[in-house]
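Colleague: one predicted model, sequence on top.
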Amino acid sequence: MIIGLPRLTIPSRVVALVTVAMLSIAGAMAVPPAEATATVTAVTAAGVENEGADCAVPGLPDAGSLPTVSRLPDPFRKLNGTRISTRSEWRCLREETKRLAERFVYGEKPAKPASVTGTVTRTGITVNVNHNGRSAAFSASISLPSGSGPFPAVVVLGGFGADTAAIRAAGAAVISYDPYAVGREGTPRNNKQGAFYSVYGSSSGTGLLMAWAWGVSRIIDVIEQSDGGVLRADATGVTGCSRFGKGAFVVGAFDQRIALTMPIESGSAGVPIFRGIPGEGAQSLSSAYGEQPWLGDAFGSFTGSPARLPVDTHQMVAMVAPRGLFVMDNPHIANLGPRSASVAALGGAEVYRALGAGDNLTYWSDVQDGSHCANRSEWRTPLQQNIQKFLLRTGNAPGAIRISSRASGSLSEWRDWQTPVLGDPGDTTPPSTPGTPVASGVTATGATLTWAASTDQGGSGLAGYTVHRELGDTDPQLGQSATSSITLTGLTANTRYQVYVRARDGAGNLSGDSPPVTFGTTGGGGDTSPPTAPAGLAASGTTSTGTTLSWTASTDDSGVTGYDILRAPGVSGGTFTQAGTSATTSFGDTGLAPSTTYRYQVRARDAAGNTSPVSNTAEVTTRPGTSTGTCTAVPTVQTQWGTGYVVQPLTVTNTGTSAITGWTVTFTLPAGHTLTGSWNGTTTVSGQAVTVRNAGHNGALAPGAATTGVGFQVSRPNGDTALPSGYTCA
């Protein structure tokens, strides 16, 4: 069951309350918004850059004394070893997390300089900084939406990957910010360049990501000092893709004036948990650390041992709480670490949940287009909903966690801590437990429930009830009521429901679960008894592209009508999705990738639509395939900068007349160019010669078919505009 939590107390900053809604869309693992109360709480930005600046923080540990901890650190544990028990303690625990992240990951973000001045016009912002006798200046351009303003604004780092048209259409201005003016890439760690380092020294241990975040904070300083005629100082968002997604993530985590943080496909050094990157095949930490001085100098001690870090990125997600966070990710490029990113989001969501702001976080990797930094139709609606909710404050859409089955991480594998119930000063006593619900008027799609009322125990008054379906780890909410009865609608016919009720009081405290009531919706003769689980599932006759499954028949009181065959990728993780159906106790699965591992389960169905528990799991590894055709490889340069470029897609097309089950692409890098990452292929490098072989999921191509998810990133000497050549495919 889901543990409900009291409401978040944020005087003067609570701007919208709406009913929690379950979001469930086919094709992804749809996780309900982290429930804290029966409301969605939209939180505006804080009025200061760092609310915890006055907190007393104990001495931080030395790098040499840090233990190896394979699981994610407990985000609720203070440096003194105790766990917080009230929401008011989060402010200073966040400050402890911030100090640890600065010390070991990003480098220090200095407080506001002695003097920050500048201008805001309808076309741009200028920033002038003076501090301890040093000065720097930079600027950013502004593109306004229609209307008279003043407008909320989204700072867009780097100029690519963000859907600026959708941002403006939602009613927000776009501030185009060049991070390289504040912290340049292509510089050595002992001679960093840009406005930040002009003020704090070229040998500063602070990495580029934090320098970029400092620059955005200074832009907000100038907006705050302006007359407010163009931009609103209390409604700023931030976004960016790839390396600029890393930057956007750090900006939002370290400035509490950011109302909405929206990193896109941030990859290693961004959202993905550091501890998960080595096992996922993402860009290695040593590569991310060495490619550019994005991370602080101190992180160099942890590139080969991230389990020694006293923090991880789920805690940076938590640092954004309870403000708006919308993480957009790409499950098609393993180099980006999307599985580790989903774990970071799930871990951080636990803090959002505890703070009563679960619906302020959205993580979305359920997208079809595999191109890096593409504008995706799946993100457009939630993007605009988040802008309306957190910047315009005209919307109330709940957050959602939509994790693609291609890259689904499991938080349970990474934590050994549980989410506490954080109390608030005042009424911390929950209401009494409601009585056992009684079901009546059951139809195919609805039912009426009544129960003995709860009583308030703490003086804040009884506020209502939430009704939940008992369903494994999720327990979705079916509805809420202000009285001790409810009429449920939208239920599924021929389905067994086990339902319980919880009461909540005016302080947001939740009662215990009532005893459950079980009922079955009508339709199909009233049969609500599922078949028995199939047994003895086994595979045989496995080839490079297929396998045959067989199992022992299920039994049912009204007769088994068929079986659903479920398939998941890999030896662990991933989501089981339906691969087919069978009317018998065997099934041939075809179209598989060579040299690839799959897991299978089977469940039975009866005439009333009841489904059985799943069978045992059978694991299959297909045999290696051979290429039997011809192919071409055509590169597309997606983006490039002074010291590097991204080729995405590298389109591989089967130009033959018969299907192929594997391909190999070769090409040559120009002298001085170095491959720094690749995705959706197995890559080897010998000198300047690069070989890319198909991944398990994209080797099989029918005649005329193509795969467009392959890509790679290269670093090069500054100013060298040469590109790879000699592409061949076999």
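Modeller: Cool, got the structure.

Colleague: test my guess that Trp364 contacts Leu325.
Modeller: No. Counting by Cβ atoms under 8 Å, Trp364 stays clear of Leu325, with 11.3 Å between them. Quick note: C-beta positions are derived from backbone N, CA and C, even for glycine.

Colleague: ok, the two, which is more surrounded?
Modeller: Shown here are Trp364 and Leu325; by other Cβ atoms under 10 Å, Leu325 has more neighbours (31 against 22).

Colleague: just grab the bridge partners of the more buried one for me.
Modeller: Thr261, Leu361 (DSSP bridges).

Colleague: got a list of what Lys98 touches?
Modeller: Asn50, Gly52, Phe254, Met319 (Cβ atoms under 8 Å, 6 or more residues apart in numbering).

Colleague: export those to CSV and tack on secondary structure and neighbour count?
Modeller: Converted to CSV, the contacts of Lys98 look like this (DSSP: H, G, I helix; E, B strand; the rest coil; neighbours: other Cβ atoms under 10 Å):
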residue, secondary structure, neighbour count
Asn50, coil, 19
Gly52, coil, 19
Phe254, helix, 24
Met319, helix, 26
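
Colleague: lowest pLDDT pick from the residues you listed?
Modeller: Within the contacts of Lys98, pLDDT reaches its minimum at Gly52, with 88.

Colleague: so Val646 touches Thr639, yeah?
Modeller: Yes. Here Val646 lies in contact with Thr639, judged by Cβ under 8 Å, at a distance of 5.2 Å.

Colleague: show me the contacts for the closest residue to Gly186 other than its chain neighbours.
Modeller: Closest residue to Gly186 apart from its sequence neighbours, by Cβ to Cβ, 6 or more residues apart in numbering: Thr643 at 4.0 Å. Each residue near Thr643 by Cβ under 8 Å, 6+ apart is listed here: Glu185, Gly186, Gln292, Ser715, Arg716, Pro717, Asn718.

Colleague: try 10 Å this time
Modeller: Contacts for Thr643 (Cβ atoms under 10 Å, 6 or more residues apart in numbering) come out as 184-187, 291-292, 714-720.

Colleague: are any of the residues you listed buried, and if so which?
Modeller: Buried subset of the contacts of Thr643 (neighbour count, 16 or more other Cβ atoms under 10 Å): Arg184, Glu185, Gly186, Thr187, Glu291, Gln292, Val714, Ser715, Arg716.

Colleague: could I get the CA-only coordinates of the helix or strand harbouring Val467 as CSV?
Modeller: Using DSSP states H and E, Val467 sits in strand 462-469. The C-alpha trace of strand 462-469 is given here as CSV (Å, rounded to 0.1, in the frame of the first residue of the first chain):
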residue,chain,number,x,y,z
LEU,A,462,-12.0,15.9,9.4
ALA,A,463,-11.4,16.9,5.8
GLY,A,464,-12.6,13.8,3.9
TYR,A,465,-11.6,10.4,2.6
THR,A,466,-9.6,8.8,-0.2
VAL,A,467,-10.6,5.4,-1.6
HIS,A,468,-7.9,3.1,-2.9
ARG,A,469,-7.8,-0.2,-4.8
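
Colleague: mind checking the SS state of Ala344?
Modeller: helix (DSSP: H, G, I helix; E, B strand; the rest coil).

Colleague: ok now do it, which residues does it touch?
Modeller: By Cβ under 10 Å, 6+ apart, the contact set of Ala344 is 72, 249, 266, 270-276, 312-318, 327, 329, 337, 363, 409, 411, 414.

Colleague: re earlier: reformat the contacts of Thr643 as CSV; add distance to Thr522, pLDDT and secondary structure.
Modeller: Shown next, in CSV, are these (distance: Cβ to Cβ, whole Å; pLDDT from 0 to 100; DSSP: H, G, I helix; E, B strand; the rest coil):
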residue, distance to Thr522, pLDDT, secondary structure
Arg184, 68, 92, coil
Glu185, 64, 89, coil
Gly186, 69, 83, coil
Thr187, 70, 87, coil
Glu291, 61, 85, helix
Gln292, 63, 90, coil
Val714, 62, 86, strand
Ser715, 64, 83, strand
Arg716, 68, 87, coil
Pro717, 73, 89, coil
Asn718, 71, 83, coil
Gly719, 73, 81, coil
Asp720, 72, 87, coil
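
Colleague: Asp312 touches Met319, doesn't it?
Modeller: No. In this structure Asp312 lies outside contact range of Met319 using Cβ atoms under 10 Å: 11.8 Å.

Colleague: shared neighbours, these two?
Modeller: Pro75, Ala101, Gly348.

Colleague: state the distance from Thr445 to Gly324.
Modeller: Separation of Thr445 from Gly324 (Cβ to Cβ, to the nearest Å) stands at 35 Å.

Colleague: for these two, indicate the residue with more neighbours.
Modeller: Set Thr445 next to Gly324 and count neighbours by other Cβ under 10 Å: Gly324 wins out with 28 against 15.

Colleague: hmm, the more buried one is touching Gln256, no?
Modeller: No. At 11.9 Å, Gly324 and Gln256 do not qualify as touching, with contact defined as Cβ under 10 Å.

Colleague: so Leu449: helix, strand or coil?
Modeller: strand.

Colleague: beta-bridge partners for it, please?
Modeller: Under the criterion used (DSSP bridges), Leu449 bridges to Ala439, Ile486.

Colleague: now do the contacts for it.
Modeller: Contact partners of Leu449, counting by Cβ under 10 Å, 6+ apart, are 437-442, 465, 467, 478-479, 481, 484-488, 497, 499-501, 517, 519.

Colleague: could you pull out the helices for this protein?
Modeller: For the chain, helices defined by DSSP state H occupy the ranges 90-101, 164-169, 195-200, 208-225, 243-254, 277-280, 285-291, 313-320, 338-354, 377-387.

Colleague: tilt between the longest one and helix 90-101?
Modeller: Our comparison of helix 208-225 with helix 90-101, counting by axes from the mean of the first three to the mean of the last three Cα atoms, to 10 degrees, yields an angle of 140 degrees.

Colleague: in helix 208-225, what's buried?
Modeller: 208-224.

Colleague: same check, this time on the last one
Modeller: Buried residues in helix 377-387, counted by 16+ other Cβ under 10 Å: Glu378, Trp379, Pro382, Leu383, Gln384, Gln385, Asn386, Ile387.

Colleague: leaving out the residues flanking it, which one is nearest to Thr68?
Modeller: Nearest non-adjacent residue to Thr68, counting by Cβ to Cβ, 6+ apart: Ala307, 4.8 Å away.

Colleague: I figured Ile125 hits Thr236, correct?
Modeller: No. The pair Ile125 / Thr236 is not scored as a contact, 11.5 Å apart, by Cβ under 10 Å.

Colleague: which residues are in contact with both of the two?
Modeller: Joint contacts of Ile125 and Thr236 (Cβ under 10 Å, 6+ apart) are Ala153, Val155, Ile175, Ile219, Ile220, Ile223.

Colleague: and the residues you listed, which is closest to Phe244?
Modeller: Val155 (10.4 Å; Cβ to Cβ).

Colleague: for the closest one, name its beta-bridge partners.
Modeller: Ile175, Val238.

Colleague: I'd assumed Gly215 was in contact with Ala195.
Modeller: Yes. Applying Cβ under 10 Å, one finds Ala195 in contact with Gly215, separated by 6.6 Å.

Colleague: just to revisit the earlier point, closest to Thr492 among the contacts of Lys98?
Modeller: Met319 (40.0 Å).

Colleague: quick one: which of Ile125 and Thr236 has more around it?
Modeller: The neighbour comparison of Ile125 against Thr236 (other Cβ under 10 Å) goes to Thr236, with 29 against 26.
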